[in-house]
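Enquirer: Give me coordinates for this.
(chains A and B)
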Amino acid sequence: METESLFFIGVLCFLSAAALSLLPMPKVRSFNYILSTVGAIIFAATGLNLMTGSPEILFSSPLNSMMDFVYRGDALSGFFVIVISILTCAVSIYSIGYSKDVGRAALMGVLYNVFILSMYAVVLSGNIVTFLISWETMSVVSYFLVTFSRDEKSVKAGLVYAVMTHLGTAFIIAVFMILYKYTGSMDFSGMKEFSARIPLHLKDLIFVFSIIGFGTKAGIIPLHTWLPRAHPAAPSNISALMSGVMIKTGIYGFIRVSMDIVGSGPEWWGMVIVVVGAVSSVLGVMYALMEHDLKRLLAYHSVENIGIILLGVGASMVFMSGGFYKLSAIALIAGLYHTLNHAVFKGLLFLGAGAVLHTAKTRNMEELGGLLKVMPYTGLFFLIGSISICALPPFNGFVSEWLTFQSMLIGFRSSSAISKILLPLCGAALALTGALAAACFVKAFGISFLGMPRSGHAEHAREASFSMKTGMAFLALLCLLFGIFPGAVVSVISPASFLLTGSYGMEASGPGVLRIGETLSALSPLALLVTMVIMSFATMVFIRIAGGKRRTEHRDSWDCGMPALTPRMQYSAAAFTKPIRLIFKKIYMPTREVKISYLLKPFFVKAIEYRGEITPFFEQYIYSPVTDFIHKHAGKIRLLQSGSLHLYLGYILITLIALLVFGT
Amino acid sequence: MQNWIEAFYVIDFISVGILLTAVSMNAVSRLETCVKVYTLNSLLLSLLIAIVATIIGEAHLYAASIITMLGKGILIPLFLWKIVKQMKVTHEVEPYISNTLSLSISGILVAVVYASLKEGIFVTGFAKNVFQISLAVILIGLFIMISRRKAITQIIGLLFMENGLFLAGFSLTFGMPMVIELGVLFDMLMGVIILGFFAVQIRKAFRSSDLDKLTVLKG
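Expert: Here you go, the predicted model:
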């Protein structure tokens, strides 16, 4: 079918789903999520059409003589449409079961569908006006979703989110104003055509503003503060969407402005992005390690993964400025591949966390434990998500991080001395990130799912409902498929990288193989998987043969002579991360407080209270001074608004007279 | 008749009368006198329209004059009178700005208007002074709203502004279409009625008809 009509049918699906959820019949209402699943599949087809075909206008209607309302798609937006569709598909299936207990189902259904539609609108916008309207719709709707539970904490998180996102939007508007002033066009395609008219120093300004503007939405450090607050506050299906795809619209906007419209810039642009990416990934995972709240932990991992994506994008910009189009394409593919993968596995992890929260009523890991016995499927899916995010083969995270590593290491080939050192150095940062992420998910999975239940809630947990399991299973399957058929995924992504870099980067060599001609390196995860299976099987056989026959006995664990093992004797999340807290003392600046009350000093201890915290560096040293300053001076401005009617009328009189005198 | 009007500068005299009644509002402290001054102002306005109507001989201007007289000259003043009686307050006790000072300020306002509209683009025939006077009346009306405390004087200030606006529109266009004039008049009437109820309710709720008590409503 034609792309245009697919687009309209897709939009219609989501709109009617939103309308459907307003119906007063609860039975019918839950069908809206099925409709949005269908809509997502149709949009995925639209995206595939856009990726393979030429850019085309999907919808256009004049607002007035100056501006149009235009939706336009090309390979880049097509790729992001596919990413959104994949996650929406899974989350919608999951939401059928999940939304039953969230409350206010009608409101949820409407906001959910409008939110997804607004994300599609952002990546398909064809000009400034359409983009800004879609972007703000997305921000406002997601604000309502963050504050959905209406408790004090989520309202505060929503406030932080609203402030940060508007700060970002201000910078984005500034970017567009500069672009419009110098190119004289509101259309993205027109801006691209006349981008040579922009003076060089203003191009730098556009670049910096677009990092701040889009980086706020993407959650780069130090603009990430809203992310670990807002994502946990939202209902879990929404956190999956926010973390999986909404923050990617920031990446999309950045690529669209800085790589597509403005074109290639000086080398330092790319290096700034690479450094921002490296810092975000390392610090993101470090802060994630110290979180014992399951959803906050995942939110910090989003910061980390945005960093990894930016490493690829930044390397691509570095190569582009040096004229290495093929390398540039490879690095961009790495970034986009990770965008897709992060959407899949982070979506899966948030859905898993949602299933846990749904039944155990707590996000605090120190109160979970032993969940694998009662929710084996959720546990399995969460494990698959964890392995993927830790970049272990044969799952998808491995492939994209391998590609990112490759593109960092071929930084040796870039033109200037600084980038020759910087890129591999940031590759080292990526290695550290991967290791810490693995530690983090050993903690997250081990503490939450293994061992004994640490609270009554965890003890009485039950397996998630069928639709929730189906949604997660779909994503888990994709984790595996994207991991073992990288060639197929890359062939889908490469039109987007061709659009931006003019090169396909890698030679096509079958769905299961990746081959980078520049470094003579190749990857076949399928072969890797087969080798892994054979090796472990062979090891088992070897042990059986070499070790002879042995008898296994099942006994209780050694309990140090205590009457029985209790959950309190288990390793806790805080204890597990203690070594890392000590190693990175300079960054965490941990504070600890130990209170011991004695029955009889010094031998008979009654109780020990331990409190350990890390210093939230960015909040404490950057954000609170700024907010304090604003609070202090906002009070002075409030004097203008004294509440006196006469004073307000006086303002009007003064304005009128001023207009009369100076207006001519 | 026409020659007579032009020979004695009748239009200018009447518009100056409108200005003077507005200025004199600043010197009046008895609420009943305020209503009387407003009545006089409205009647002068209606007279001005009637005279212009005889000059150019437009039928709908006669209608506008009669409607103005009925609405602003009789109906609204009667209603205001009733509210003043209900409020049981006869005097504006102490305005924010003393009467002498407000008189001088309104003089300055008139001067500002004349100075800034010296070479106005609108100066055509009879409208020469009328437009400037109308702007001055608007500003004085606003100034009355600022300098007085009582809710009822606020309403009268607003009514003066409306008279000024009407005059301004009239001086530029020889009267707006009938429908608009009727609509505006009806709006005014409703507005005054609602504001009157408010004034009474404010007095009940705050035990004072002074508007500065409303500051406590601010969060």
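
Enquirer: how distant is stretch A:405-420 from the center of its chain?
Expert: When distances are taken as Cα atoms, centre = their mean, to the nearest Å, stretch A:405-420 is centred 27 Å away from the chain's centroid.

Enquirer: Quote the end-to-end distance of it.
Expert: The first and last residues of stretch A:405-420 sit 14 Å apart, counting by Cα to Cα, to the nearest Å.

Enquirer: Number of residues surrounding the closest residue to residue B:145 other than its chain neighbours?
Expert: Taking Cβ to Cβ, 6 or more residues apart in numbering or on different chains as the measure, residue B:145 lies nearest to residue B:157, with 3.6 Å between them; neighbours along the chain are not counted. Just so you know, the C-beta spots here come from the backbone N, C-alpha and C atoms, and that holds for glycine as well. Burial of residue B:157 is recorded as 24 neighbouring residues (other Cβ atoms under 10 Å in any protein chain shown).

Enquirer: Just give me the neighbour total for residue 172.
Expert: Using chain A here. Residues near residue A:172, counting by other Cβ under 10 Å, number 24.

Enquirer: actually chain B
Expert: When neighbours are counted by other Cβ under 10 Å, residue B:172 registers 15.

Enquirer: Name the nearest residue to residue 168, sequence neighbours excluded.
Expert: Answering for chain A, as no chain was given. residue A:216 (3.1 Å).

Enquirer: that's the other chain; I wanted chain B
Expert: Excluding its sequence neighbours, the residue lying closest to residue B:168 (Cβ to Cβ, 6+ apart) is residue B:134, at 3.8 Å.

Enquirer: again with residue B:91
Expert: For residue B:91, the spatially nearest residue (Cβ to Cβ, 6+ apart) is residue B:29, at 5.5 Å.

Enquirer: same thing with residue B:135?
Expert: By the measure of Cβ to Cβ, 6+ apart, the closest residue to residue B:135 outside its immediate chain neighbours is residue B:113, 4.8 Å from it.

Enquirer: Can you name the residues that contact the one you found?
Expert: Counting by Cβ atoms under 8 Å, 6 or more residues apart in numbering or on different chains, residue B:113 touches A:660, B:132, B:135, B:136, B:139.

Enquirer: Report the central residue of chain B.
Expert: When Cα atoms, centre = their mean is applied to chain B, the residue found nearest the centroid is residue B:160 (1.9 Å).

Enquirer: helix/strand/coil for that residue?
Expert: helix (DSSP: H, G, I helix; E, B strand; the rest coil).

Enquirer: three-state assignment of whichever residue of the stretch 501-650 of chain A sits closest to chain B?
Expert: Distances between the stretch 501-650 of chain A and chain B by Cβ to the nearest Cβ are smallest at residue A:643, namely 3.3 Å. The three-state label for residue A:643, taken from three-state DSSP, comes out as coil.

Enquirer: What parts of chain B come near chain A?
Expert: Within chain B, the positions lying close to chain A (Cβ under 8 Å from any Cβ of the partner chain) are B:96, B:109, B:112-113, B:115-117, B:135, B:139, B:142-143, B:145-147, B:154, B:211-212, B:214-218.

Enquirer: from these, which ones fall inside strands?
Expert: Secondary structure defined by DSSP state E assigns none of the residues of chain B next to chain A to strands.

Enquirer: which of the residues you listed are buried?
Expert: Buried residues within the residues of chain B next to chain A, defined by neighbour count using 16 or more other Cβ atoms under 10 Å in any protein chain shown: B:109, B:112-113, B:116-117, B:135, B:139, B:142-143, B:145-147, B:154, B:211, B:214.

Enquirer: just to revisit the earlier point, the residue nearest to residue B:145 against residue B:141, yeah?
Expert: Yes: when contacts are counted by Cβ atoms under 8 Å, residue B:157 is listed as touching residue B:141 (5.0 Å).

Enquirer: All the helices of the stretch 451-600 of chain A, residue numbers only.
Expert: Along the stretch 451-600 of chain A, counting by DSSP state H, counting those that start in this stretch, helices occupy A:456-459, A:466-484, A:486-501, A:525-547, A:573-576, A:578-583, A:585-588.

Enquirer: Columns mean pLDDT on top of those, output as TSV?
Expert: Formatted as TSV, the helices of the stretch 451-600 of chain A follow (pLDDT from 0 to 100):
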stretch	mean pLDDT
helix A:456-459	83
helix A:466-484	93
helix A:486-501	88
helix A:525-547	89
helix A:573-576	87
helix A:578-583	89
helix A:585-588	88
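
Enquirer: Select, out of these, the one closest to residue A:232.
Expert: helix A:573-576 (15.8 Å; Cβ to Cβ).

Enquirer: and the closest one, what does it pack onto?
Expert: If contacts are counted by 3 or more Cβ pairs under 8 Å, 6 or more residues apart in numbering or on different chains; DSSP states H and E, helix A:573-576 sits against helix A:417-449.

Enquirer: Low-confidence stretches in the stretch 51-200 of chain A?
Expert: Filtered on pLDDT under 70, the stretch 51-200 of chain A yields the residue ranges A:65.

Enquirer: in it, which spans are strands?
Expert: Along the stretch 51-200 of chain A, the segments classed as strands by DSSP state E, counting those that start in this stretch run A:56-62, A:68-73.

Enquirer: so which of those strands is the most packed in?
Expert: Comparing these by mean neighbour count (mean count of other Cβ atoms under 10 Å in any protein chain shown), strand A:68-73 ranks first with a mean of 21.

Enquirer: Can I get that strand in CSV, CA atoms only?
Expert: Extracted as CSV, the C-alpha positions of strand A:68-73 are listed here (Å, rounded to 0.1, in the frame of the first residue of the first chain):
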residue,chain,number,x,y,z
ASP,A,68,2.0,25.0,6.5
PHE,A,69,1.3,22.0,8.7
VAL,A,70,3.6,19.4,7.1
TYR,A,71,4.4,15.8,7.9
ARG,A,72,7.2,14.5,5.8
GLY,A,73,9.2,11.3,6.0
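
Enquirer: How far off centre is that strand?
Expert: 26 Å.

Enquirer: Please apply the same query to stretch B:12-19.
Expert: Offset of stretch B:12-19 from its chain centre (Cα atoms, centre = their mean): 13 Å.

Enquirer: Could you look up the next helix or strand downstream of the worst-scoring helix or strand of chain B on mean pLDDT?
Expert: In chain B, the helix or strand scored least confidently by mean pLDDT, DSSP states H and E is helix B:2-7, which has a mean of 69. Heading C-terminal from helix B:2-7, the first helix or strand you meet, by DSSP states H and E, is helix B:10-24.

Enquirer: And that following helix, what does it pack against?
Expert: By 3+ Cβ pairs under 8 Å, 6+ apart, helix B:10-24 packs against helix B:31-56, helix B:99-116, helix B:127-147, helix B:151-173.

Enquirer: how many other residues sit next to the closest residue to chain B within the stretch 301-450 of chain A?
Expert: Of all residues in the stretch 301-450 of chain A, residue A:363 sits closest to chain B, with a separation of 34.4 Å (Cβ to the nearest Cβ). The burial count assigned to residue A:363 is 22, neighbours taken as other Cβ under 10 Å.

Enquirer: Please apply the same query to the one 4 residues further on.
Expert: Burial measure for residue A:367: 18 neighbouring residues, criterion other Cβ under 10 Å.

Enquirer: What residues does it make contact with?
Expert: Residues in contact with residue A:367 (Cβ under 8 Å, 6+ apart) are A:360, A:454, A:455, A:457, A:458.
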